[in-house]
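*Asks:* Make a model of this:
(chains A, B, C and D)
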2 protein chains.
Amino acid sequence: MTLLVRTDYPDPLWLQAVDVIRRDVADGRLPVGSRLPPERELCEALSISRVTLRKALARLVDEGVLRSSHGRGWFVASGGGTDWPNSLESFSETADRMGLRASSRILRQEIVPATIDEAEELSVAPGSPLFHLERVRLLDDVPVAMDDSRVPAALVPGIEHIDFGLASLYERLASEGVDPHRADSTIEARSADDSLATHLSVQPGTPVLVMHQLVVDSLEHPVLASTIRYAGERYRLRTAFARSQKADHR
Amino acid sequence: MTLLVRTDYPDPLWLQAVDVIRRDVADGRLPVGSRLPPERELCEALSISRVTLRKALARLVDEGVLRSSHGRGWFVASGGGTDWPNSLESFSETADRMGLRASSRILRQEIVPATIDEAEELSVAPGSPLFHLERVRLLDDVPVAMDDSRVPAALVPGIEHIDFGLASLYERLASEGVDPHRADSTIEARSADDSLATHLSVQPGTPVLVMHQLVVDSLEHPVLASTIRYAGERYRLRTAFARSQKADHR
DNA sequence: GGTAGCAAGAGGTATTTACAAACTCGAAAC
DNA sequence: GTTTCGAGTTTGTAAATACCTCTTGCTACC
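*Replies:* As a prediction, the model looks like this:
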């Protein structure tokens, strides 16, 4: 605990205390399961009052870093800090959580006329311009998924000139006033075909997780259809489902 | 604000204050968007100190009931932001939609002591009795999935004698006052091992969709852990994700 | 040898007090 | 007429203090 909190810093003292303790946990100076010094000692060590310290500790409980035991002390929570998304965890959120770097490799980016099937799914006229974006998604330069997205070109003028190696498709849609509201999805397990296996650097036939999503705005207009194929050994979807009372699993 | 907090009640004052304010909001005495009296007035009205009141207010922010504006006051938050209608189509709903008949074949139904891992996941003591239910789920007598569920036996007395070829696990839990509230889930693609392949009547190595769920009640107590393995060629999860507009609290 | 009870140490709750920072609004200055 | 300033109000942060409850371990008693 070398760092102290400083009154001449702009951040509130309790936030500085949060950072100090969180860092000590992350660096292993406070191993998982270990007990922290008593509150009164921590106060002295950090030169803050007990109220301020307890505000910091409360935040760390919220973050799942610590837990308290009445009469016994403060303990570093087990690393399984179940930090569940309340919707589907996005690719970059997964990367953040695992401390990895997310990136993309563009395979295809063009505007083509919509086929009958595409037109039907996205509620546009057959032959109307459709933006195709095909990317390999990587975590720390390891290919993890193939993302094939289609957007009606009319929604985002000039979309074919955006560099999606850097830009986020969702952010671009949002900046054009497109408001993703719901994503109707199907999820299934398939075998990798030769083409997919090549792009993901896996053996043909290995299991892949195929998620197809149709994203609609608040007026139920389709704005994006995407198919993401995840290498089964390299990715795991995380989400939280609300259980309606009538859901029966007979 | 008719009710007061009382020092001679067992609940902490700040918790009583939370209840009072939450009730006022629920009853419409504090309409959505309205401003609360200043903290100092609330302190006096509730006969508690400002620190105690602020602890209550902080909790209500966590619950999404209130929000504060520096220099302006406290406001009742719009209730419609925090809903997360992520839903997952259940096995029997899928059967209904496709006009098929859902059934189960029991492989294993017994009470065994919880292992360390199981105990940790379900927040019970290691060695405490755990109900294991292993079933093959069929659609029109075709095996489609293998369901392995674990429930703390204390939740449903006599659970080991129920015929789950007919009864619904969720209905049984509900009838015992267990209220499934949320299911934290991971979904991945794997290859079928020999045992699974036999039960599902597929070739070993074919892709399977593995969904693991931890179901918790409204108090965040785990009530059920289940792993369902779907034959990739025979089943497709259908779900709707809400795109959360939520900001991070960093 | 077992058990009840006490005391020390830990977190939990609550009060009082003080000052800082952000917002509102009206009055004065230009 | 517009801007600027400042007083007043309100939330945000922080300290010092007191006492309660729970856990643990030791001690003394039976």
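*Asks:* The host helix or strand of residue A:52 vs DNA strand C: in contact?
*Replies:* Using DSSP states H and E, residue A:52 falls within helix A:50-62. Yes: Helix A:50-62 reaches DNA strand C (Cβ under 7 Å from any atom of the strand) through A:50, A:51, A:54, A:57. C-beta here means a position set from N, CA and C on the backbone, and glycine is covered the same way.
*Asks:* what would these look like in CSV with pLDDT?
*Replies:* What follows is the residues of helix A:50-62 next to DNA strand C, written out as CSV (pLDDT from 0 to 100):
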residue, pLDDT
A:50, 92
A:51, 93
A:54, 93
A:57, 93
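*Asks:* and those residues as TSV, adding neighbour count?
*Replies:* Putting the residues of helix A:50-62 next to DNA strand C into TSV (neighbours: other Cβ atoms under 10 Å in any protein chain shown) gives the following:
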residue	neighbour count
A:50	13
A:51	10
A:54	17
A:57	23
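*Asks:* How is chain A divided into domains?
*Replies:* Using automatic domain parsing, the domain ranges for chain A come out as A:13-76, A:91-231.
*Asks:* Show me how far the first one is from its chain's centre.
*Replies:* So the one you mean is domain A:13-76. Chain-centre distance of domain A:13-76: 27 Å, with Cα atoms, centre = their mean, to the nearest Å.
*Asks:* cool, and the last one?
*Replies:* Mean-position distance between domain A:91-231 and its chain equals 15 Å (Cα atoms, centre = their mean).
*Asks:* how long is it end to end?
*Replies:* One end of domain A:91-231 sits 13 Å from the other (Cα to Cα, to the nearest Å).
*Asks:* That domain near chain B anywhere?
*Replies:* Yes: with Cβ under 8 Å from any Cβ of the partner chain as the criterion, chain B is reached by domain A:91-231 at A:180-191, A:205-209, A:213, A:215, A:230.
*Asks:* Which of the residues you listed are buried, as a ChimeraX select command?
*Replies:* The buried subset of those, as determined by 16 or more other Cβ atoms under 10 Å in any protein chain shown, is captured in ChimeraX by this line:
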select /A:180,181,182,183,185,187,188,189,190,191,206,207,208,209,213,215,230
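*Asks:* Could you point out which of the domains of chain A sits nearest residue B:111?
*Replies:* With Cβ to Cβ as the criterion, residue B:111 lies closest to domain A:13-76 of the domains of chain A, at 29.6 Å.
*Asks:* For residue A:55, which residues are in contact?
*Replies:* residue A:14 (Cβ atoms under 8 Å, 6 or more residues apart in numbering or on different chains).
*Asks:* can you tell me how far it sits from residue A:61?
*Replies:* Applying Cβ to Cβ, to the nearest Å, the value for residue A:55 to residue A:61 is 11 Å.
*Asks:* Then residue A:200?
*Replies:* Taking Cβ to Cβ, one finds residue A:200 at 40 Å from residue A:61.
*Asks:* For the spatially most central residue of chain A, identify the helix or strand it belongs to.
*Replies:* The geometric centre of chain A, computed from its C-alpha atoms, lies nearest to residue A:93 (Cα atoms, centre = their mean), at 2.1 Å. Element membership for residue A:93 (DSSP H and E) is helix A:91-98.
*Asks:* other SSEs contacting that helix?
*Replies:* strand A:102-113, strand A:129-139 (3 or more Cβ pairs under 8 Å, 6 or more residues apart in numbering or on different chains; DSSP states H and E).
*Asks:* just those strands: most buried one?
*Replies:* strand A:129-139 (a mean of 19; mean count of other Cβ atoms under 10 Å in any protein chain shown).
*Asks:* Please save the CA atoms from the very next helix or strand once past that one in CSV.
*Replies:* Counting by DSSP H and E, the next helix or strand C-terminal to strand A:129-139 is strand A:142-152. In CSV, the C-alpha atoms belonging to strand A:142-152 read as follows (Å, rounded to 0.1, in the frame of the first residue of the first chain):
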residue,chain,number,x,y,z
VAL,A,142,-6.6,-14.5,-32.6
PRO,A,143,-9.5,-14.9,-35.0
VAL,A,144,-12.6,-15.7,-33.0
ALA,A,145,-15.6,-15.0,-35.1
MET,A,146,-16.9,-14.1,-38.6
ASP,A,147,-19.4,-11.3,-38.8
ASP,A,148,-21.6,-10.9,-41.8
SER,A,149,-23.9,-7.8,-41.5
ARG,A,150,-26.3,-6.3,-43.9
VAL,A,151,-27.8,-2.8,-43.7
PRO,A,152,-30.2,-1.0,-46.1
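*Asks:* which of the residues in the very next helix or strand once past strand A:142-152 are buried?
*Replies:* Per DSSP H and E, the first helix or strand lying C-terminal to strand A:142-152 is helix A:169-175. By 16+ other Cβ under 10 Å, the buried positions in helix A:169-175 come out as A:169, A:172, A:173.
*Asks:* could I get those as a markdown table with pLDDT and distance to DNA strand C?
*Replies:* Below are these laid out as a markdown table (pLDDT from 0 to 100; distance: Cβ to the nearest atom of the strand, whole Å):
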| residue | pLDDT | distance to DNA strand C |
| --- | --- | --- |
| A:169 | 80 | 33 |
| A:172 | 77 | 30 |
| A:173 | 77 | 30 |
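*Asks:* Would you mind listing what in chain A touches DNA strand C?
*Replies:* Chain A has residues A:36, A:38-40, A:50-51, A:54, A:57, A:68-74 near DNA strand C, with proximity defined as Cβ under 7 Å from any atom of the strand.
*Asks:* Now list the buried members of the residues you listed.
*Replies:* Neighbour counting with 16+ other Cβ under 10 Å marks A:36, A:54, A:57, A:68, A:74 as buried within the residues of chain A next to DNA strand C.
*Asks:* Who does the closest residue to residue A:89 other than its chain neighbours form a beta bridge with?
*Replies:* Once flanking residues are discounted, residue A:89 sits nearest to residue A:238: 4.5 Å by Cβ to Cβ, 6 or more residues apart in numbering or on different chains. As for beta bridges, residue A:238 partners with residue B:186 under DSSP bridges.
*Asks:* Same question for residue A:225.
*Replies:* Beta bridges link residue A:225 to residue A:150, residue A:214 when assigned by DSSP bridges.
*Asks:* rewinding a little: okay, residue A:200 and residue A:61: which has more neighbours?
*Replies:* Set side by side, residue A:200 and residue A:61 show more neighbours around residue A:200, with 25 against 14, by other Cβ atoms under 10 Å in any protein chain shown.
*Asks:* what residues are up against that one?
*Replies:* Residue A:200 makes contact with A:136, A:143, A:144, A:145, A:146, A:192, A:208, A:229, A:231, A:234 under the criterion Cβ under 8 Å, 6+ apart.
*Asks:* how far away is it from DNA strand C?
*Replies:* 47 Å (Cβ to the nearest atom of the strand, to the nearest Å).
*Asks:* Could you pull up phi and psi at that residue?
*Replies:* Phi and psi for residue A:200, reported as degrees, to the nearest 10, are phi -100, psi 0.
*Asks:* now the one 10 residues further on
*Replies:* The phi and psi torsions at residue A:210 (degrees, to the nearest 10) take the values phi -110, psi 120.
*Asks:* So what's the residue count around it?
*Replies:* Around residue A:210 there are 21 other residues, counting by other Cβ under 10 Å.
*Asks:* elements contacting the lowest-mean-pLDDT helix or strand in chain A?
*Replies:* When the helices and strands of chain A are scored by mean pLDDT, DSSP states H and E, helix A:169-175 comes last with a mean of 75. With contacts taken as 3+ Cβ pairs under 8 Å, 6+ apart, helix A:169-175 sits against strand A:142-152, strand A:222-231.
*Asks:* Can you list the neighbours in contact with it?
*Replies:* The contact list for helix A:169-175 (Cβ under 8 Å, 6+ apart) reads A:90, A:133, A:149, A:151, A:155, A:156, A:159, A:162, A:180, A:223, A:224.
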